[in-house]
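Novice: make a model of this:
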Amino acid sequence: FVGSAQLRCSPTGSYAYKGECTRIRCGQPKEEVGHARLHEFGPIRRWTSDMEINYECVRGYTGHIRGICGKDGVWRLKGTCTELVC
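Specialist: Numbering: from 1, shown residues only. All right, here's what the predicted structure looks like:
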């Protein structure tokens, strides 16, 4: 979340709100990255900070790639898929 929300007690004895907090959103993740395809996920329409996704390496490659929606709204990828050599 980003923003600044404040809550105070008003002179009338009720709460008064000022400002707001909004979710940090990443766009839709890429379907393919670094010899990997996005692993099936449910019907998520809004990707928010700290959400994670997994990619599966394509045939002929091994490894694991994980995507994390960052607090700046940008996807970060960790891991690699390396080619299998016989």
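
Novice: how near is the residue nearest to the spatial centre of the chain to Ser49?
Specialist: Nearest residue to the geometric centre of the chain (C-alpha atoms, centre = their mean): Cys69, 2.4 Å. Cys69 is 5 Å from Ser49, where distance means C-beta to C-beta, to the nearest Å. Every C-beta, even on glycine, is put in place using the N, C-alpha and C of the backbone.

Novice: shared neighbours of these two, anything?
Specialist: Shared between the contact lists of Cys69 and Ser49 (criterion: C-beta atoms under 8 Å, 6 or more residues apart in numbering) are residues Ile24, Arg25, Cys26.

Novice: now the last one: closest residue in space, sequence neighbours ignored.
Specialist: Same thing as Cys26. Counting by C-beta to C-beta, 6 or more residues apart in numbering, Cys69 is the residue found nearest to Cys26 once chain neighbours are left out, at 3.8 Å.

Novice: picking up where we left off before, which among the shared contacts of Cys69 and Ser49 end up buried?
Specialist: With neighbours counted using 16 or more other C-beta atoms under 10 Å, these contain these buried positions: Ile24, Cys26.

Novice: and the shared contacts of Cys69 and Ser49 as a markdown table, adding pLDDT and secondary structure?
Specialist: Supplementary listing: those in a markdown table, determined by pLDDT from 0 to 100; DSSP: H, G, I helix; E, B strand; the rest coil:
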| residue | pLDDT | secondary structure |
| --- | --- | --- |
| Ile24 | 90 | coil |
| Arg25 | 92 | strand |
| Cys26 | 93 | strand |
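
Novice: ok, the residue nearest to the centre of the chain touching Trp75?
Specialist: Yes - under the contact definition of C-beta atoms under 8 Å, Cys69 touches Trp75, with a separation of 6.1 Å.

Novice: mutual contacts of the two, please.
Specialist: In contact with both Cys69 and Trp75: Cys26, using C-beta under 8 Å, 6+ apart.
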